[in-house]
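J.: quick one, what's the 3D model for this:
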Amino acid sequence: MKSIHYYIYIVCCCVALASCDSGDIAEKVYTVDEKGYTVELTARVSGIGEWDGTDYTLAVAGFTADSKFAQVQRALPATIGNGTPLSITLSNLSDDVQTVELALTNSLRKRIITLATINMNDYRDYGTRDTIRLDLGQVDVGQTGVLQMGLFNRACIQCHGANGRSAAGLTLTEGNAYAALVDVPSTRRTGYMRVESGNAEASLLHLILREGGEDLLSHNHTEILSSQFKTNLEEVSALIDQWIEQLKP
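T.: Coordinates of the predicted model:
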């Protein structure tokens, strides 16, 4: 005679099998940590299509303090029309992320040049978990616009345009840089164009950022730019060259 425990075991097995057949087994529930920060960038951009087919990506990217490579990034859509409202959100950012930037990155997500920055520590000091918003308004993110925001405004206009200063008669402020550079003869080096469209190696802007360039003009421009681009001057120089090569005479 079988024991009572045997029959209890059989009943339990039947109940378990019936539950499987009926699909009543509860799914596992995973809890996602939603305590991270959220950053939203809004803008009306133009010129984004100029980066299509290049090795660069314009993106909203989060960077840690000790890395030039984005921990997380979302690319701006390359097909968005000029002036179309744009909203890009990075969510659940960890405390490791020190800055969120509108940045140009390469295929490895390495920062090449920064256009706008949010310092996340400014918000951590206040303990906010609300969405942090960066509204850039109308912004040109084409190749000339990126150089204007990320290079000329950051490292050049102090001598070439700010407070009425215009070294060598060269003004690189917003709306003036292209006309002052492209296919314009240098006033300091006879026989050179400041930028010769389609020919980076013949352009003075290219030459002054290469070895020996410190002897071409009265100021060492490599040294000046190195103070702003301590770890990526080579990449910035390559970006300048690409911009020159795609210019049409």
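J.: low pLDDT regions in this protein?
T.: Scanning the chain for pLDDT under 70 picks out 1-35, 127-128.
J.: what's the domain layout of it?
T.: 37-141, 145-246 (automatic domain parsing).
J.: possible to save these as a markdown table with mean neighbour count?
T.: To be clear about C-beta, it is placed using only N, CA and C from the backbone, and glycine gets the same treatment. Formatted as a markdown table, the domains of the chain follow (neighbours: other CB atoms under 10 Å):
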| stretch | mean neighbour count |
| --- | --- |
| domain 37-141 | 16 |
| domain 145-246 | 16 |
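J.: next, the contact list for the residue nearest to the spatial centre of the chain, please.
T.: In the chain, the centroid-proximal residue (CA atoms, centre = their mean) is A103; its distance is 1.3 Å. By CB atoms under 8 Å, 6 or more residues apart in numbering, A103 lies in contact with L58, A59, V60, A61, A70, Q73, R111, I112, I113, T114, L115.
J.: pretty sure the third one contacts E101?
T.: This points to V60. Yes. Between V60 and E101 there is a contact under CB atoms under 8 Å: 7.5 Å.
J.: ok, G142 - how many residues close by?
T.: 19 (other CB atoms under 10 Å).
J.: and the nearest residue to it once chain neighbours are set aside, how far from Q143?
T.: Using CB to CB, 6 or more residues apart in numbering and skipping the chain neighbours, the partner closest in space to G142 is G47 (2.4 Å). Using CB to CB, to the nearest Å, G47 is found at 7 Å from Q143.
J.: before we move on, what about G169?
T.: Relative to Q143, and taking CB to CB, G169 is found at 24 Å.
J.: for G175, same thing?
T.: 16 Å.
J.: got a list of what T57 touches?
T.: Contacts of T57 by CB under 8 Å, 6+ apart are W51, Q73, A75, L104, T105, N106, S107, R109.
J.: what is it paired to in the beta sheet?
T.: On the basis of DSSP bridges, T57 is bridged to T105.
J.: which residue ranges of this structure form strands?
T.: For the chain, the strands defined by DSSP state E cover 37-46, 57-64, 72-75, 85-93, 97-105, 111-119, 132-140.
J.: and the residue nearest to N82 when sequence neighbours are not counted, how far from E40?
T.: When the adjacent residues along the chain are set aside, N82 lies closest to S46, with 3.9 Å between them (CB to CB, 6+ apart). Going from S46 to E40 by CB to CB gives 20 Å.
J.: next one: D96
T.: Applying CB to CB, the value for D96 to E40 is 20 Å.
J.: contacting residues around the closest residue to D96 other than its chain neighbours?
T.: Nearest residue to D96, sequence neighbours excluded (CB to CB, 6+ apart): T64, at 4.9 Å. Residues in contact with T64 (CB under 8 Å, 6+ apart) are Q71, D96, V97, Q98.
J.: separation between L93 and L115?
T.: From L93 to L115 the distance is 19 Å (CB to CB).
J.: pretty sure Y192 contacts P185?
T.: Yes. Between Y192 and P185 there is a contact at 7.2 Å, judged by CB under 8 Å.
J.: re earlier: any chance of the contacts of A103 in a markdown table, with distance to A155 too?
T.: Formatted as a markdown table, these follow (distance: CB to CB, whole Å):
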| residue | distance to A155 |
| --- | --- |
| L58 | 20 |
| A59 | 22 |
| V60 | 23 |
| A61 | 21 |
| A70 | 22 |
| Q73 | 24 |
| R111 | 15 |
| I112 | 14 |
| I113 | 10 |
| T114 | 12 |
| L115 | 13 |
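J.: just give me the closest of these to Y123.
T.: Comparing the contacts of A103 against Y123 with CB to CB places V60 closest, at 15.8 Å.
J.: ok, now how distant is the closest one from N106?
T.: Using CB to CB, V60 is found at 16 Å from N106.
J.: now do the same contact list for the closest residue to V72 other than its chain neighbours.
T.: Once flanking residues are discounted, V72 sits nearest to G62: 4.8 Å by CB to CB, 6+ apart. The contact partners of G62, by CB under 8 Å, 6+ apart, come to V39, A70, Q71, V72, Q73, L90, L93, V97, T99, V100, E101.
J.: cool, thanks, talk later.
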